[in-house]
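>>> fold the following and give me the result.
(one chain, ligands or ions: 1)
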Amino acid sequence: MKLLIAKDYEDMSKKAAQIIIDQVKQKPGSVLGLATGGTVIGTYKMLVDDHKRHRTSYKQVRTVNLDEYVGLHPSNKNSYHYFMKTHFFDHVDLPANQTFIPNGLADQVEEECKQYEQLIAQLGGIDLQLLGIGRNGHIGFNEPGNPFSSKTHCVTLTESTRLANARFFKSVDEVPTHAITMGISTIMKSKKILLLASGTKKAIILSRFFNEEVNEQNPATILKTHKHVTIIADEQALSLMNLSHLHFA
Ligand SMILES: N[C@@H]1[C@@H](O)[C@H](O)[C@@H](COP(=O)(O)O)O[C@@H]1O
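Residues are numbered from 1 along each chain as shown. Modelled structure (predicted):
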């Protein structure tokens, strides 16, 4: 595990974007696993800026997103389809038919999950998976207690996650109660993983991440067993850590 300490949100976003750009340059047909949430907005902005300035091309890239709310239409501003279009897809040369996000409107949710899992396998697996972290340690929408063996599945969101995400909605009542998410085992199959954390609101969970043994109540802890994980965290997110005590494999 590698920890890159960023000065602030902008520095974190810049470092993360550079890793993604390097991945795409090294392997133009990369499969990128993408994430949503406030943390990754700056990274997408920098990827878009770089695309405009340096013409880094996404023509051969395929993308698979981590998750989507159940019941939100892609045109709904709070859907992750909408998020990805507005923050990234609409501004680069990535063909729309090479972008994949779980269908939160599927009639047969279980079938949708199965197909999404198969799709990732058919694409040859994920080369680089981008992740944020929930305040309760969730990655994707894998909430505490979700088995590490899980594949793409439908989850009931915890009240704390719905409250944390309510800032994007008019009220917490509008936040969907369910989501489709890649499972922990799906995420762990990625060849490389890039986890981002910024701000004091992530300080408690980051200190728990570093101090706790791997356990299903803190889903992100499984990442400590992955061979190729890079964490980029800013000083505020690391403010509860005594960094000199950290040992990295
Ligand atoms: N499903 C997403 C996660 O993929 C994201 O990492 C997390 C953190 O969000 P934020 O970056 O806004 O703090 O919350 C959401 O629930």
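
>>> mind checking how far the worst-scoring helix or strand of the chain on mean pLDDT is from the chain centre?
For the chain, using mean pLDDT, DSSP states H and E, the weakest element among its helices and strands is helix 159-165, scoring a mean of 93. Relative to the chain's own centre, helix 159-165 is displaced by 17 Å; criterion: CA atoms, centre = their mean, to the nearest Å.

>>> could you see whether the ligand lies near the next helix or strand after that helix?
Per DSSP states H and E, the first helix or strand lying C-terminal to helix 159-165 is strand 178-181. No - counting by CB under 6 Å from any ligand atom, no contacts exist between strand 178-181 and the ligand, the nearest distance being 7.1 Å. (C-beta placed from N, C-alpha, C; glycine too.)

>>> in PDB, please show the C-alpha coordinates belonging to the next helix or strand after strand 178-181.
In the C-terminal direction, the helix or strand that comes right after strand 178-181 (DSSP H and E) is helix 184-188. Extracted as PDB, the C-alpha positions of helix 184-188 are listed here (Å, rounded to 0.1, in the frame of the first residue of the first chain):
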ATOM      1  CA  ILE A 184     -16.200  -5.900  -2.400                       C
ATOM      2  CA  SER A 185     -14.900  -9.000  -4.300                       C
ATOM      3  CA  THR A 186     -15.600  -7.200  -7.700                       C
ATOM      4  CA  ILE A 187     -13.600  -4.200  -6.500                       C
ATOM      5  CA  MET A 188     -10.800  -6.300  -5.100                       C
END
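
>>> enumerate the residues of the chain near the ligand.
Within the chain, the positions adjacent to the ligand are 35-39, 66-67, 132-134, 140-141, 161, 165 by CB under 6 Å from any ligand atom.

>>> before we move on, back to that, just the CA atoms of the least confident helix or strand of the chain, as PDB, please.
Output of helix 159-165 as PDB, limited to C-alpha atoms (Å, rounded to 0.1, in the frame of the first residue of the first chain):
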ATOM      1  CA  GLU A 159     -29.400   6.100   7.400                       C
ATOM      2  CA  SER A 160     -25.900   7.700   7.900                       C
ATOM      3  CA  THR A 161     -25.100   7.300   4.200                       C
ATOM      4  CA  ARG A 162     -28.500   8.700   3.200                       C
ATOM      5  CA  LEU A 163     -27.900  11.700   5.500                       C
ATOM      6  CA  ALA A 164     -24.400  12.200   4.200                       C
ATOM      7  CA  ASN A 165     -25.600  12.200   0.600                       C
END
